[in-house]
Structures are given as C-alpha cells and as structure tokens.
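Engineer: Need the 3D shape of this:
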Amino acid sequence: TRRHGGLARARSLLCRRWMRLPGFALALAACAHAPAAPEPGATGAAPGRPGGARPPAAEPPRAAASGGPAPQAPAGPPASARKRLVAAARSHLGQAWPGDCSDFVERVHAEAGLPLAPRPARSASEGLWRASRPVEQPRPGDLAFFHDTFDRDRDGRRGDRFTHVALVESVDGPRLLLIHRGSRGIQRLTMNLARRHDPAENGWLRKRRAGDAPGRFLSGELFAAFATAVPARSGPAAAIVTEPSPFGRAAGTARR
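Structural biologist: Reported below is the predicted structural model:
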C-alpha cells in the first residue's frame, strides 16, 4: 500500500511539472478542441457548417448555339404589319429601281415579313392581285391596282388590265398618298377618288401619246381596285366617297 501511494504521489508531481511547460499546455488544448476524424466512407460535414459546406449541384447542360441566322420574329397584329410595310416602302424613296412596280411591291412585303408571291397571270401586277385579298376601303400598307397605264399588248387600244400596282402610304378621306416605282425610281403618287379627273389631285400614270383618247391618264382615272396581304384581324376601315370609276366598277371590286 505504501508503495502504491508513493507511486501515485510521484506521478502527480511529474504531471504538475509538465503542465507548467507552455508547449505542452497548448498541444493539450489543441487536441481537446480538434474535431474527430471522419469515418471511412463519410461524405463530409453537414451543409451550413463553416468549412464543411458541400459543393453546389452542377447546372443542367445548356443547348449548344445553332450558329445559324436568328429566327424571324412572329408577325405582329395587323397595325404593326401595316407600319412595317409603310416604313419599308418609305426607306426606298428617291432610289433608282432596276425592277418594275411589282418587283418593288414584292420586295417591300418581304422586308416587312409578309412575303407576297404572285400567282400565274397575264402580268406580274395581276399575279399580285390574285395573290392578295380584295378590300373595299384602303388602309396604309394596302395595294392599289391600275388598268391601262401603258399599252401592254401594243395594239393601240385600251383594255390592258392590271398594268400597275402601288402601295398605300396614307389615307385622308378620298385622298390617298401612294408609293410606287415610277419613271424616276421610287416616288410618291397622289390620288383623289372623289375628284378623279383633277390633275391637281391626281398624279400622272400614263404618258400621253399621239392618238390617245382624252380623259384617262391620271391615277384616279386609271385606278382599278384595292387589295391587301395584311391578315384580316382588325375592324372595318372608314368609308370613302368616290366618283364613278371610268371602268364602270366601284373601288375594290375589279373583276379577277
């Protein structure tokens, strides 16, 4: 018993001496606060703990870029389509145009996102008339068709149908402002269906030649019908007052 008591006192004295050493105290404190080693196969610390947050989940793979041209925006409401048509036509004002009036109209519709391909007919203008939808009252962006603007079959007589087409830029009652491919490139053309024979209200569409019968050279005199390629999703247009057509038919009712 005495021997065991002596050994205990010796151990106690030795421990007190070691505790006085600064290095031993720091090591002991560090070991006391160190986290336990993870068990084999453990996944790591729980999310939210400092230094142990799990990596975020990988983002889903993105579709690779096509590298081709951007798709065209879907066609908007009729009002938006009409604005695009008028803007496209105005952008060519003053330009020389190598093609004819129908080529200009087709180009404007393509630029506005409303492709208009002519159907088989005796002329390109008549082909556009057949490919479009007749309308009684015009709106900006619609088409105005004309007869007898030149002697297409060179027989010296009238009766040449659908020889010219123009795009309606604006409508003010019976007065219309058109954009077309004229003799000097892309230009504006006035027309007043209430005063068809007034040269102050209607632009010249047919060049006067020797032997021509009087009275059918102005836009109002040669006007045939209105049509459009704009989808029919808007309300009716305001009616306009017109003079009788020289062709014996009301505006917008030209025979196909």
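Engineer: Would you map the strands across the chain?
Structural biologist: Remark: strands assigned in the chain by DSSP state E are 133-135, 143-146, 164-172, 175-182, 185-192, 223-228.
Engineer: So which of those is nearest Cys101?
Structural biologist: With C-beta to C-beta as the criterion, Cys101 lies closest to strand 175-182 of those, at 4.3 Å. In this view, the C-beta of every residue, glycine as well, is placed from N, C-alpha and C.
Engineer: and that closest one, what's its mean pLDDT?
Structural biologist: Mean pLDDT, strand 175-182: 97.
Engineer: Repeat that for stretch 221-231.
Structural biologist: Stretch 221-231 comes out at a mean pLDDT of 95.
Engineer: What's the end-to-end length of it?
Structural biologist: One end of stretch 221-231 to the other measures 29 Å (C-alpha to C-alpha, to the nearest Å).
Engineer: Just the buried positions in that stretch, please.
Structural biologist: Glu221, Leu222, Phe223, Ala224, Ala225, Phe226, Ala227, Thr228, Ala229, Val230 (16 or more other C-beta atoms under 10 Å).
Engineer: cool, stretch 178-191 as well?
Structural biologist: Leu178, Ile179, His180, Arg181, Gly182, Ile186, Gln187, Arg188, Leu189, Thr190, Met191.
Engineer: Using TSV, lay out the buried residues of stretch 221-231 together with distance to Gly113.
Structural biologist: Compiled in TSV, these are given as follows (distance: C-beta to C-beta, whole Å):
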residue	distance to Gly113
Glu221	34
Leu222	30
Phe223	28
Ala224	27
Ala225	25
Phe226	21
Ala227	18
Thr228	15
Ala229	11
Val230	11
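Engineer: if we can go back for a sec, and the strands of the chain: which comes nearest Ala112?
Structural biologist: Using C-beta to C-beta as the measure, strand 164-172 is the one of these that comes nearest Ala112, at 10.0 Å.
Engineer: who does the closest one pair up with?
Structural biologist: Under the criterion DSSP bridges, strand 164-172 sits next to strand 143-146 (antiparallel), strand 175-182 (antiparallel) in its sheet.
Engineer: List of residues touching the shortest one?
Structural biologist: In other words, strand 143-146. In this structure, residues lying in contact with strand 143-146 by C-beta atoms under 8 Å, 6 or more residues apart in numbering are 105, 125, 128-129, 132, 138, 162-168, 176, 178, 191, 205, 219, 222-229, 254.
Engineer: All the helices of the stretch 101-250 of the chain, residue numbers only.
Structural biologist: 101-111, 124-131, 219-222 (DSSP state H, counting those that start in this stretch).
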